[in-house]
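[1] Got a predicted structure here, sequence first:
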Amino acid sequence: MVRGEKTVLAGLVGLVSVAALASPAQGARYAASVQVRERPRGIVSVSGFGKEVSIGALTTRRGWLFARYSGPGRTTRRGVFGRLGRFGSVALRFRPKGKPSRVRRPRSCTGGPKVWVTWKGTFRGSIRFHPDAHLRGFAHTGSFAGQVETVPRWHCPPDVKPHFDPDAGGIDVAAINCDGRSFGANVEVDPATPPPPGEGRATPADFNASWTKSVGIARVTYSISVEGGAHTAVFSDDLSEGTIKPPLPFHGEATIRRQGEGWEWSGSLSARFPGRTVRLAGPNFRPFVTTFKPRPYTAFIFAYDVPC
């Protein structure tokens, strides 16, 4: 994947997708995704999974900000329905078009059913969206393109286990707190991607963070993502210690240090989210580190499984 704005967008949307599939509604059979509106500087979409419904809004007005509003609901083959408290509601019936696509369970996985089925079609109904954070809301009744799919309970071994190679040249750091705060940094210590034409400098580091709060029956998750130059993440030659100091809207810095087989995460790092400055280092953060070999025009996205 090419580094740059498309990489940041894909990373944020990917994180939200993983969060939806890892939600407490593990007994769900259907998931839905609906494209509601796309503007030159923002995207709004609706998703449903099991007993949760979400509306997500992405804007580039002040850097990359993604806001996801979730509440109780239900998703079936017939549609997606839910309430987001003061932030809105979703009531959409689904009409499939054409034959569904089918993907068989990989041989390395267990569980059932053995086929993942996806129907493309049209959702009809109403969506009310009244976000905070100065995002644009709307109330709309009409038709929207989207899809409904089964979500089998497959159990698959991870493709890549976190590993540490002091000569790798790239390092991915995640610090996760079960209270709804998280931070991530993906750094090319030995950059493989040259600067974009005309810009004069490389951006070998990507930073992201998220914070979740509860508002009545709804949960709101804000995610931010920015790029940084070589000075924003400095590591030792063997990658065993690094100082991370991302640009705005982040403040302060954090240190990641190897301690035996584990890692220590500390510092004054924080970020400004809508309505609050949130600390991203300190007690109860669990650090995860893996290394990779940078490749030109390629971005690496890692996921970490954290039971909370």
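    That came in fine, so what should we check first?
[2] Going by neighbour count, list what's buried in stretch 172-184.
    Neighbour-count burial for stretch 172-184 flags 172-177, 180-184 (criterion: 16 or more other Cβ atoms under 10 Å). (C-beta placed from N, C-alpha, C; glycine too.)
[3] Compute the mean per-residue pLDDT across that stretch, please.
    Across stretch 172-184, pLDDT averages out at 97.
[4] just how off-centre is it within its chain?
    Centroid displacement of stretch 172-184 relative to its chain, using Cα atoms, centre = their mean, to the nearest Å, is 12 Å.
[5] how does this protein divide up, domain by domain?
    Residue ranges for the domains of the chain, per automatic domain parsing: 5-150, 170-292.
[6] okay if I get these as TSV plus distance to residue 164?
    Output for the domains of the chain, formatted as TSV (distance: least, Cβ to Cβ, whole Å):
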stretch	distance to residue 164
domain 5-150	22
domain 170-292	6
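[7] Confidence-wise, which of these is weakest overall?
    Across those, domain 5-150 has the smallest mean pLDDT, namely a mean of 82.
[8] can you tell me which of the domains of the chain comes nearest to residue 308?
    domain 170-292 (3.6 Å; Cβ to Cβ).
[9] got the end-to-end distance for that closest one?
    Start-to-end span of domain 170-292 (Cα to Cα, to the nearest Å) is 5 Å.
[10] Adjust the sequence numbering to begin at 28 for everything that follows.
    That works, and once the first residue is 28, the last one we named lands at domain 197-319.
[11] can you pull out the helices in the protein?
    In the chain, the helices defined using DSSP state H lie at 32-48.
[12] Can you flag which of the buried residues of stretch 199-211 belong to strands?
    Residues of the buried residues of stretch 199-211 located in strands (DSSP state E): 199-204, 208-211.
[13] would you turn those into TSV with distance to residue 163?
    Shown next, in TSV, are these (distance: Cβ to Cβ, whole Å):
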residue	distance to residue 163
199	34
200	34
201	31
202	32
203	31
204	30
208	26
209	26
210	28
211	27
